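# Need coordinates for the following:
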Amino acid sequence: MADQLAVIVAARNEADRIGATLAALRTALPGAALWVADDASADGTAEAAMAAGAQVVSRGRPHGKGANVGAAVEAALSAEPAPELILLCDGDLGASAGELAALVEAVERGECDLAVAAFSRRVGGGFGVALGFARWAIRRRCGLETIAPISGQRALRADALRVVLPFAHGYGMEVGMTIDAVRAGYRLREYELELAHRATGRSLSGFAHRARQLLDFARVYLSRRRVDAK
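Model prediction:
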């Protein structure tokens with residue numbers, strides 16, 4: 001593993017899973033600095049993360065995923081010694097988070113500049129409208145075909161990370177990161193991994209979540225229209 005690795009875990013109300021997620025990351029990536037980007041959780045997520053040995057960047061009120069993770073990334077990049085490689089992931093992966101070591105290894109081997117995890121098994125979800133739009137937006141804006149356009153599990157070197165900052169608003173973070181990285185000449189590769197997470201189903205709250213995602217994806221698409229891919 002890289003001598004200086006920082007792991008940024010995005011979390012909001014994940015008190016029941018954050019401990020297992022951090023434990024799996026610590027086992028798979030010994031020596032890595034673990035950071036939790038806590039977006040004003042109300043269930044004790046920050047306290048559970050600190051108890052598990054992570055450094056926590058917490059907000060007094062929700063700021064959305066892009067701004068929340070961005071604040072934690074800035075804190076991690078400012079630490080001494082500065083990280084050479086960064087792994088981004090979600091806080092609800094539990095024990096399966098250990099699989100993400102494969103992304104770090106792929107970047108270290110030079111297979112790609114940005115390694116993205118694709119879940120080998122789909123759990124939950126809606127009718128695929130938001131996901132399909134995300135794939136279309138990425139293809140339209142930078143010409144890349146993707147399997148997992150909104151996966152939050154990503155590894156990249158610090159120089160590539162700085163190029164894609166600041167992150168796009170809210171749930172548009174990953175779509176914006178992909179477009180910006182590819183346009184800057186970085187190589188993206190997806191890896192199918194055995195990951196598990198808390199999925200949203202076809203409930204009222206699930207559809208509301210995906211509607212918010214779709215709105216943020218549209219914002220990213222429109223914000224990058226000036227240099228549209230042919």
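# Could you identify the longest helix within the protein?
The residue-count maximum for a helix in the chain (DSSP state H) belongs to helix 204-223.
# ok, the spatially most central residue of the chain - contacts?
By C-alpha atoms, centre = their mean, the chain has its centre lying nearest to Gly152, at 2.7 Å. Taking C-beta atoms under 8 Å, 6 or more residues apart in numbering, we find Gly152 in contact with Ala10, Lys65, Leu88, Cys89, Asp90, Met173, Glu174. All C-beta atoms are positioned from the backbone trio N, CA, C, and that covers glycine.
# Dump those into a markdown table; add neighbour count and secondary structure as well.
Listed next are the contacts of Gly152 as a markdown table, based on neighbours: other C-beta atoms under 10 Å; DSSP: H, G, I helix; E, B strand; the rest coil:
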| residue | neighbour count | secondary structure |
| --- | --- | --- |
| Ala10 | 22 | strand |
| Lys65 | 24 | helix |
| Leu88 | 27 | strand |
| Cys89 | 24 | strand |
| Asp90 | 21 | strand |
| Met173 | 27 | helix |
| Glu174 | 28 | helix |
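# Leaving out the residues flanking it, which one is nearest to Val182?
Cys142 (4.1 Å; C-beta to C-beta, 6 or more residues apart in numbering).
# Pretty sure Val175 sits in a strand.
No - Val175 sits outside any strand when classified using DSSP: H, G, I helix; E, B strand; the rest coil, being helix.
# Run through the helices of the protein in chain order.
Counting by DSSP H, the helices of the chain are 18-28, 45-51, 65-77, 101-108, 129-142, 158-163, 173-183, 204-223.
# which one of those lies closest to Ala117?
helix 101-108 (5.9 Å; C-beta to C-beta).
# List the contacts of the helix or strand of the chain with the lowest mean pLDDT.
In the chain, the helix or strand scored least confidently by mean pLDDT, DSSP states H and E is helix 204-223, which has a mean of 87. Around helix 204-223, the neighbours that count as contacts under C-beta under 8 Å, 6+ apart are 64, 124, 126, 129-130, 133-134, 137, 140-141, 150, 168-172, 175-176, 179, 200.
# shaky segments in this structure?
Scanning the chain with the threshold set as pLDDT under 70 gives 1-3, 122-127, 199-207, 226-230.
# surely Ser58 meets Ala46?
Yes - judged on C-beta atoms under 8 Å, Ser58 makes contact with Ala46 at a distance of 4.8 Å.
# residues contacting the residue nearest to Val182?
Thr178, Ile179, Val182, Arg183, Ala229.
# Just want to check the distance between the residue nearest to Ala101 when sequence neighbours are not counted and Glu194.
Excluding its sequence neighbours, the residue lying closest to Ala101 (C-beta to C-beta, 6+ apart) is Ala28, at 4.3 Å. Counting by C-beta to C-beta, to the nearest Å, the gap from Ala28 to Glu194 is 13 Å.
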